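> Let's see this in three dimensions:
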Amino acid sequence: MLSSGRIGLGTLRLSGRETAIATIHAALDAGLLLFDTARAYGDGEMVLSEALATHAAAARAFVVTKGGMTRPQEKWRADGRAARLRHDCETSLGALRRPIDLYLSHAPDPRVKWATTVRALARLVEEKLVRAVGVSNVTLAQLDQALALAPIAAVQVAFSLLDDVPLRSGVLDRCRERGLVLMAHSPLGGPRRAKTLLATPLIVEIARRHDAPPAAVALASLLQAHPHVVVIPGARHPEAAREVAAAASLLLDDSERAALSQQFAAVRERVAVAVAPSRGEVVLVMGLPGAGKSELAATLVAKGFERLNRDQLGGSLASLAARLEERLAAGTRRLVLDNTYLTRAARADVLSVAARRGVAVRGIFIDVPLAQAQVNLVWRMLEAHGRLLAPEELRRGRDNTTIAPTSLWRLQRSLEPPVVGEGFESLEQRPFARAPRSREGRGARLVTLDLAEKVPAEELMTSFVVGWAPEAPPDLDPQIAARCAGVALCRHGGGPPVCWCRPPLPGLLLALAHAHDLDLAVSELHGTSRAHRAWATAVGARFFDHSQK
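Have a look, this model is predicted:
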């Protein structure tokens, strides 16, 4: 791939057939031979094929395309099934009417085992449908798994002066170690941030000095800092293609590279390393929301540690790292940070700051099952608001008492468990342990809605009824309430859950426990399905299965 040059043209932003073809021809005229497209880019592959077929340099072009992505209603949705990848690949071959030099999985699909997607890529090479394969938008752990299963040649991720995640996540280093090409998509920061980046005074001044476009300066800085990186900026018109191509001949001097490195982390050689224990210690407490990080941090605060927590101080994880640097520079030597820190990239700033200041970092990762994290988040919501929040309130939520279930699932999917090699002096993995609640309630019998009519009237009077009833009449609640000790029904519709009350999410059971002072650990749930069993297990209730009765 590097033989085709280190600057390519991304075709996502091309629009209008004539302008698109003119832009591709302008790129070829300027010496660009690498073109990146995707099956999900509409008719982008067909337009690229037509443009290449009408240019003399077409035979030397290197074409990269991607599969395993759909765009229903203009929303990106990964589809990593083996059948989808093969279908997309065959369709791309038909649209491009030429060999595919590099074929990429567009993004990991959380609904499909990553190994399934990667093995499907390997088969495409084995069957000679494509010349080489790679992966896009992956974490370090996903990249390592892919390397063990397929002949990965390249990795495509977002990387720019404004986005140094590949550096902080370890993906950039792994590519360098394994001789892989890292293809930087959105290398100017993406459409919404490019104008801001290219108006940066330092970039404007360097561009003026070289009589070059600011875009060329931004791209050249990445290329000269990282020799194994290829950039694939997008362009909407021929002049933009010529501007990005100018980066190939722009040579920054040492002072310019140093100034850019001072302002932009993406062009630094920043690797956090473990340090010998010094006069102090930074403790990094990690885990999903609801893992119990705050409780652990409180025990450290009681021992004299200063706490840096985003819920208390506000701001971003990057601002907390800056605050850590300030506190260490001021002489504070015992600090605890207890935010989620779910990814290697999120943790890198803390480890780097501590390493520069000569303070060891002790990591504590609380490994909490998703169901238990859900229970903790609902309890937190009930204690803060006294009730389950409605979907619209969850959508507007801004703190850790208003986290939606889908948000928690997204966080779990992004989780990269920490390893010592990131720069920890020591790392402890603690299994989640539920602390006893401060107040003790009474046991109760809970009955799912589908069983309510089968329970004898005298038993139902002392029972609590729970269930999902999106289409039931409005007067169902008072009708049931008149015959039992309490009722809690979820009225929200199907699809991805927008609330915490739809079974088997724990909201209804916990809301009843909160309102009626119940102890679910000594309660029983009577239900008819595996979902009901999972419901009981999550809250610690004894389950009675009536599916066969």
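
> drop to CA atoms for contacts and neighbour counts, all remaining ones
OK.

> So for residue 338, what's the pLDDT?
Residue 338 carries a pLDDT value of 95.

> ok, how many other residues are close to it?
For residue 338, the count of nearby residues is 24 (other C-alpha atoms under 10 Å).

> residues in contact with it?
Residues in contact with residue 338 (C-alpha atoms under 8 Å, 6 or more residues apart in numbering) are 284, 285, 286, 293, 294, 297, 307, 308, 309.

> Name the nearest residue to it, ignoring sequence neighbours.
In this structure, residue 338 finds its nearest non-sequential neighbour in residue 285, 4.6 Å apart by C-alpha to C-alpha, 6 or more residues apart in numbering.

> and that neighbour, helix, strand or coil?
strand (DSSP: H, G, I helix; E, B strand; the rest coil).

> Would you mind confirming that it makes contact with residue 297?
Yes: Residue 285 is within contact range of residue 297, at 7.4 Å (criterion: C-alpha atoms under 8 Å).

> quick one: common contacting residues for those two?
Counting by C-alpha under 8 Å, 6+ apart, the residues touching both residue 285 and residue 297 are 336, 337, 338.

> I'd like to know which of these are part of strands.
With strands defined by DSSP state E, the entries of the shared contacts of residue 285 and residue 297 inside them are 336, 337.

> The shared contacts of residue 285 and residue 297 into JSON lines, with extra columns for distance to residue 441?
Shown next, in JSON lines, are those (distance: C-alpha to C-alpha, whole Å):
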{"residue": "336", "distance to residue 441": "34"}
{"residue": "337", "distance to residue 441": "34"}
{"residue": "338", "distance to residue 441": "31"}
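
> so where's the stretch 401-549 of the chain uncertain?
The model of the stretch 401-549 of the chain has pLDDT under 70 over residues 435-440, 549.

> Pick the one among the contacts of residue 338 closest to residue 346.
residue 286 (10.5 Å; C-alpha to C-alpha).

> Look up how far residue 417 lies from the closest one.
9 Å (C-alpha to C-alpha, to the nearest Å).

> Kindly report the same for residue 60.
For residue 60, the distance to residue 417 - C-alpha to C-alpha - is 43 Å.

> the more surrounded of those two?
Ranked by neighbour count (other C-alpha under 10 Å), residue 60 and residue 417 place residue 417 first, with 16 against 13.

> any idea how this structure splits into domains?
2-188+227-246, 281-431, 445-545 (automatic domain parsing).

> and the one helix or strand residue 216 maps to, what's its mean pLDDT?
Using DSSP states H and E, residue 216 sits in helix 214-225. When pLDDT is averaged along helix 214-225, the result is 97.

> for it, packing partners?
Where contact means 3 or more C-alpha pairs under 8 Å, 6 or more residues apart in numbering; DSSP states H and E, helix 214-225 is packed against helix 194-198, helix 201-210, strand 229-232, helix 238-245.

> would you list those in CSV and tack on mean pLDDT?
Shown next, in CSV, are the helices and strands packed on helix 214-225 (pLDDT from 0 to 100):
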stretch, mean pLDDT
helix 194-198, 95
helix 201-210, 97
strand 229-232, 97
helix 238-245, 96
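
> Tell me which of these is the most buried.
strand 229-232 (a mean of 26; mean count of other C-alpha atoms under 10 Å).

> Alpha carbons of that strand, in CSV - could you do that?
Below are the C-alpha coordinates for strand 229-232, written out as CSV (Å, rounded to 0.1, in the frame of the first residue of the first chain):
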residue,chain,number,x,y,z
VAL,A,229,0.6,6.2,8.8
VAL,A,230,-1.4,6.8,5.6
VAL,A,231,-3.9,9.7,5.5
ILE,A,232,-7.2,9.5,3.6
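
> Between the two ends of stretch 189-209, what distance do you get?
End-to-end distance of stretch 189-209 (C-alpha to C-alpha): 23 Å.

> Quick check, residue 367 in contact with residue 432.
Yes: Residue 367 lies in contact with residue 432 (C-alpha under 8 Å); the separation is 5.7 Å.

> Residues that sit against both of these two, list them.
Common neighbours of residue 367 and residue 432 (criterion: C-alpha under 8 Å, 6+ apart): residue 291.

> ok, now which ones touch the residue positioned nearest the centre of the chain?
Central residue of the chain (C-alpha atoms, centre = their mean): residue 414, 4.3 Å from the mean position. Residues near residue 414 by C-alpha under 8 Å, 6+ apart: 342, 343.
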